[in-house]
Structures are given as structure tokens and as C-alpha cells.
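[1] Sequence and predicted structure, then a few things I'm wondering about:
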2 protein chains.
Amino acid sequence: MDVINLLKSHRSIRKFTDQPVDDELVESIIGAGLAAATSSNLQGTTVIRVRNPETRSAIAELAGGQTYVETAGAFFVWCADLHRSSVACEMAGGDFHGGVTEHFIIAATDTAIAAQNAVVAAESVGLGICYIGGIRNDPAQMTELLDLPEQVVPLFGLCLGWPDQDPALKPRLPLSVTLKEETYDETNDVAGIESYDEHMREYYLERTGGKVDRTWSADMSSLLGKESRPHMRSFLESQGMNIK
Amino acid sequence: MDVINLLKSHRSIRKFTDQPVDDELVESIIGAGLAAATSSNLQGTTVIRVRNPETRSAIAELAGGQTYVETAGAFFVWCADLHRSSVACEMAGGDFHGGVTEHFIIAATDTAIAAQNAVVAAESVGLGICYIGGIRNDPAQMTELLDLPEQVVPLFGLCLGWPDQDPALKPRLPLSVTLKEETYDETNDVAGIESYDEHMREYYLERTGGKVDRTWSADMSSLLGKESRPHMRSFLESQGMNIK
């Protein structure tokens, strides 16, 4: 059950030591990531490692001032990629009809699955990680910075490095809410959310020395009380993805 | 490096023994899955375990006759879920503005990340798995079978069980193509794809006793030479997801 315990002890790490991450280890981790299942063997993922300090600084800023993008031992952008398979399609004499919503779902799912495999590989050797959804704040600038062709979408960033902090585990919703039997039965959901709200309140209070008194429901209200990144639909279309 | 070797030895399993998968083990695996990182703690995932043989038979059929959906020790549908967080939003007095494309990306990414964590947990104890993208052949029927509310999308199925086969590893594209430095530099891609085409040709020939002589490029040409599941865009919108 060692691997299961490893998975259950995940925390995001945002503070890293200066120790670099060896290139050979990076290749092993990304190779393990890309060994994951892929829909119809499409392998709709490209990983771009960014080392240039200026590019990392620009990404940190557009992601909302996430300085660990600059300080992590290694930083990657995980891209949902249909471009490479379109090249292969043409190499085999085919006529590419890609970019529909289903293709975006395939490539995005492939990418998230491969990234999480890489994360598990990294955490298994003691590295810490942090996903950076904030790169979607300005996907057009990301596309320019990384020189992405059409049918390639920057989905999220990933910081990797040797941890210089030891944060507490964040509680998760109870399985009574998230794992259902046969159908989407909501009978116990409100009670489960209320119980989780109390856990999260305790977590915030303890982590902030009593300064933050919030619940998960309040977080969801802040998050979903407004539209999020309303440019994403037109950005995807401008990259020839999720087009119809 | 044991975990990295585990990850690198993934194969999809489509033939299972009759041995059931213990409920306690299932909870441990799904719990490990849902311990993965989640964007802004949204936890946009609901897992539905389907035991009813009639429902499993219906799903196997709509997925294109994938009989292992019926025979696997356990079967799950992983749903991208914004409904639960909309309930929480309203519990906290918020006004839900969810369902835009970015929200679909968050929930789908959360779901794929959690599922892959569960897959690693399962494979670490010797179980075999197979993702079932085929449930998206008829997502409307899936929605009806599982009684899904709005803002819940059936993303993929997952078969879990004790393996009754030992298939060969499927080769992956070389890292020279899939892992790039600084920008999307395509210089080496055609050579990398050609080399991979030869590996895949050998893999197919060996696996089929010389009957199948194909390359990855030919596979991509078949796959992307036509639109795939053209109903997905309007289905997502009918569920209040990816709406604008």
C-alpha cells in the first residue's frame, strides 16, 4: 500500500530549495508521464521545458505573480497537442479534419493524465510540484512566448523542485459525496458539504493562526459567482481547437 | 525508482479474471485518486460506480461493443462536475455564473488528474485498468442512464479488475518529439515520427503474427481524416458546460 500512501500525502509545494533538478531525472519523470494511457494512441501532449529566466519571469507575471514559476528547479508547460498528429496524418497521405470539441477533449484528457503520471513519478523521488492553471490568464501571450503552432493549446504549467516547506494536507470532500453508486444520487450531498465546510474552516483557522475563517462553500461562491477567463472559448477557436 | 518503473510498465488490460474487487480496496483507490491536485480546490469530479449488469451491458454496447465494461471486476464513470460546486455556491448565498469553457477545462482536467491517480493506485496493487472513451459515443444516453444533472458531463469510463492477460508494452513517441526546450521547435519531428512509425510497425507485426502492417501515421490518418463525435459541442452546451 506504499504507493497509495504516497498518493494520499500529496500537497502542492510553492517553496523550493536552490538544488537543481538533474536533466536525466527530468527525462525519466517526463518519460514515465508519457507512458500513461492515451486515447487511440493519439499521444496528444507536448511538454515544453522552460529554462530561460526571462521567459519564466514573464510566465510568473502573467500567471498572476506566482514567483515559484521562477524559483522552481524545473518548469514545464503542458500543451494539448493535435498539431503533431496532423503532421503524421499528412505524412500518411490523409486529409486532416481535426480540431472539433471531441478532439480537444481527447488531447486535454491525454495531457492531464500524462502530467499526473509525471507528478506521481516526481513525488515518488521526493520532489514537490505545483500545477499552474494561471497560464490560462493569457493563453495568447503564452502561445507567442512558446511559439506554438495551431492546434496546440497551453493547458497548464508545472513547477518541479526539491521542497523547502512542509505544508499540511488539505482535506478533501468526503467519498459519500464524490463516489456514487449507480446514479447521481444527491440525497446526502448537502450534509456532506456542510461537514466538509467545517473541516475546511478548521484547516484555514489552524493554517492562518485564526486569521482566515472561511468554508469551502464560501470559496465556491467567490470562484463561481463570476465568469472565469471568458477569453478561453475564443482563444481555443483561434488555435483551431474546440471549433465546432 | 520502483514507482517510476511501475508507471513505465502500464498496459491497458481488457481481459479480467472472475475475482471481484473488494469494496474497501475500491474506496482506498478512489480516495487516493481524489487526493490529487485540484484547481482552486474545486474538486470538479464525481465518480459513479456502476454495478447493475443491465446498465453495464447498455454502456458496453453504446461504447461500441466493449464487452470488458461488463466483465471487469469494477466499472466507473468519471464525470466532470460543476453541479456540486454550484450547490455549494448557492449554500453560501452566491449567484452561480458557471459553465463557461474555462470551467469545463477546470472540471475535465481535475477529473483526468484524479482518475490517473486512481489508476496508479490500482496498478500498484496489481489491478489492471482500461479507460473507456467510447462512453462519449452517446453522452446523452449516458446522462440518462446515470441520471446526471446539468453541469455534469460523463467524461470517460474506467474498467478495473484482476488481469487475465499480459499484453506487450506499446511503444511511445520518442522524447525528442514530445519533450521540447523553450519553444515548440519542430525541426526533429518528422524524423522522430518516421522512427516511431517503424517501431509501431514492428509492434503491430509481432503482436498479430504478421497480419497487421501499419504505422502510427496511418493510424492518425484514419483517426483524424474525419471528424470525431461531432455531437460533443452541442451535448456539452445542453448540459450547461462549455457554453461560451
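    Sure thing, it's come through. Quick caveat: nothing in here was measured; it's all calculated off a predicted structure.
[2] What number of residues are in the vicinity of residue A:212?
    Neighbour count for residue A:212, taken as other C-beta atoms under 10 Å in any protein chain shown: 12. From N, CA and C alone the C-beta is placed, and that goes for glycine too.
[3] With adjacent residues omitted, what lies nearest to it?
    Spatial nearest neighbour of residue A:212, excluding adjacent residues (C-beta to C-beta, 6 or more residues apart in numbering or on different chains): residue A:204 at 4.3 Å.
[4] again, but for residue A:52
    Nearest residue to residue A:52, sequence neighbours excluded (C-beta to C-beta, 6+ apart): residue B:182, at 5.9 Å.
[5] The residue nearest to residue A:212: what secondary structure?
    helix (DSSP: H, G, I helix; E, B strand; the rest coil).
[6] Tell me who's in contact with it.
    Residue A:204 sits next to A:212-214 when contact means C-beta atoms under 8 Å, 6 or more residues apart in numbering or on different chains.
[7] With residue A:181 instead?
    Contacts of residue A:181 (C-beta under 8 Å, 6+ apart): B:48-49, B:51.
[8] cutoff 10 Å now
    B:48-52 (C-beta atoms under 10 Å, 6 or more residues apart in numbering or on different chains).
[9] cool, residue A:153 as well?
    Residues near residue A:153 by C-beta under 10 Å, 6+ apart: A:44, A:78-83, A:104, A:107-108, A:111, A:136, A:139, A:142-143, A:232, A:235-236, A:239-242, B:105.
[10] Skipping its backbone neighbours, what lies nearest it in space?
    Here the residue nearest residue A:153, using C-beta to C-beta, 6+ apart, is residue A:80, at 4.6 Å.
[11] Run through the residues that contact the residue nearest to residue A:52.
    By C-beta under 10 Å, 6+ apart, residue B:182 lies in contact with A:48-52, A:55, A:145-147.
[12] how close does it get to residue A:51?
    According to C-beta to C-beta, to the nearest Å, residue B:182 stands 7 Å off from residue A:51.
[13] same question, residue A:145
    13 Å.
[14] higher neighbour count, those two?
    The residue with more neighbours, out of residue A:145 and residue A:51, is residue A:145; 23 against 10, by other C-beta under 10 Å.
[15] Next, give phi and psi for the residue nearest to residue A:52.
    The phi and psi values for residue B:182, taken as degrees, to the nearest 10, are phi 70, psi -50.
[16] Quick check: pLDDT value at it.
    Here the pLDDT value assigned to residue B:182 is 98.
[17] ok, now how distant is it from residue A:147?
    According to C-beta to C-beta, residue B:182 stands 9 Å off from residue A:147.
[18] between these two, what contacts are shared?
    residue A:48.
[19] quick check: domain ranges of chain A?
    By the assignment in automatic domain parsing, chain A contains the domains A:2-167+A:228-238, A:175-213.
[20] Can you give me every residue that contacts residue A:74?
    Applying C-beta under 10 Å, 6+ apart, we find residue A:74 in contact with A:16, A:20-23, A:25-26, A:29-30, A:49-51, A:122, A:127, A:129, A:158-161.
[21] which of these count as buried?
    Among the contacts of residue A:74, those classed as buried by 16 or more other C-beta atoms under 10 Å in any protein chain shown are A:16, A:21, A:25-26, A:29-30, A:49-50, A:122, A:127, A:129, A:158-161.
[22] pretty sure residue A:78 contacts residue A:142?
    No. Applying C-beta atoms under 10 Å as the test, residue A:78 and residue A:142 come out as separate, 11.4 Å apart.
[23] between these two, who's got more neighbours?
    residue A:78 (27 against 24).
[24] Using PDB, write out every CA atom in stretch A:167-183.
    Output of stretch A:167-183 as PDB, limited to C-alpha atoms (Å, rounded to 0.1, in the frame of the first residue of the first chain):
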ATOM      1  CA  PRO A 167       2.600  22.200   4.300                       C
ATOM      2  CA  ALA A 168      -0.400  20.400   6.000                       C
ATOM      3  CA  LEU A 169      -2.600  18.100   3.900                       C
ATOM      4  CA  LYS A 170      -5.700  19.900   2.600                       C
ATOM      5  CA  PRO A 171      -8.900  17.900   3.400                       C
ATOM      6  CA  ARG A 172     -11.000  16.700   0.600                       C
ATOM      7  CA  LEU A 173     -14.800  16.300   0.200                       C
ATOM      8  CA  PRO A 174     -16.000  13.000   1.800                       C
ATOM      9  CA  LEU A 175     -16.400  10.000  -0.500                       C
ATOM     10  CA  SER A 176     -20.100  10.000   0.500                       C
ATOM     11  CA  VAL A 177     -20.400  13.000  -1.900                       C
ATOM     12  CA  THR A 178     -17.800  12.200  -4.600                       C
ATOM     13  CA  LEU A 179     -18.200   8.500  -5.100                       C
ATOM     14  CA  LYS A 180     -21.700   7.500  -6.000                       C
ATOM     15  CA  GLU A 181     -23.400   4.200  -6.800                       C
ATOM     16  CA  GLU A 182     -25.400   3.500 -10.000                       C
ATOM     17  CA  THR A 183     -26.700   7.100 -10.500                       C
END
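[25] Can you check my assumption that residue A:129 lies in a helix?
    No. Read with three-state DSSP, residue A:129 is strand and lies in no helix.
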